[in-house]
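A.B. asks: Need coordinates for the following:
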Amino acid sequence: MIRGTFNAKRLTQALDKQLDQFIAGTANVLFRNIKSNTPVRSGLAKRSWKKSKRGDKKFAITNPQPYVPALDKGRSKQAPSGFYKPAVAQTKQSNKGRLGR
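C.D. replies: Below you'll find the model as predicted:
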């Protein structure tokens, strides 16, 4: 017979810490990807991106410029397919296999 014990509380805390780091890292990567994919004419839209923490495990990435939704719908020739969906796809690709390391 084999017996073993483990500290479930310690394991849960370690997993929570890993998850928090993964979420924060993913928010940072998404923020960089959105910013780098934003088309540039004057640079105002690209400079206006902000990332903020909105509680436990929640982040907000915002841009107050009123024309940013139009840019994301393809108004710019530099980003005819927008910038949000490509940034999310890039972030998903870079995160493959990252959780659980």
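A.B. asks: alpha carbons only for contacts and neighbour counts from here, please
C.D. replies: Will do.
A.B. asks: Can you name every helix or strand that the helix ranked longest in the chain contacts?
C.D. replies: With DSSP state H setting the assignment, residue counts place helix 8-37 as the longest helix in the chain. Secondary-structure packing of helix 8-37 (3 or more C-alpha pairs under 8 Å, 6 or more residues apart in numbering; DSSP states H and E): helix 44-47, strand 59-62, helix 84-95.
A.B. asks: Please repeat the previous calculation with a cut-off of 10 Å.
C.D. replies: helix 44-47, strand 50-53, strand 59-62, helix 84-95 (3 or more C-alpha pairs under 10 Å, 6 or more residues apart in numbering; DSSP states H and E).
A.B. asks: Would you mind confirming that Ala24 makes contact with Ala60?
C.D. replies: No. The criterion here is C-alpha atoms under 10 Å, and Ala24 misses it with Ala60 at 11.1 Å.
A.B. asks: Who has more neighbours out of those two?
C.D. replies: Neighbours per residue (other C-alpha atoms under 10 Å) separate Ala24 from Ala60, with Ala24 holding more: 16 against 13.
A.B. asks: what's the spacing between the more buried one and Ser48?
C.D. replies: 20 Å (C-alpha to C-alpha, to the nearest Å).
A.B. asks: Equivalent analysis for Pro66, please.
C.D. replies: Counting by C-alpha to C-alpha - Pro66 and Ser48 are separated by 11 Å.
A.B. asks: same thing with Ala87?
C.D. replies: If you go by C-alpha to C-alpha, the gap between Ala87 and Ser48 works out to 16 Å.
A.B. asks: of these two, who's got more company?
C.D. replies: Neighbour tally, Ala87 and Ser48, criterion other C-alpha under 10 Å: the higher count belongs to Ala87, 21 against 13.
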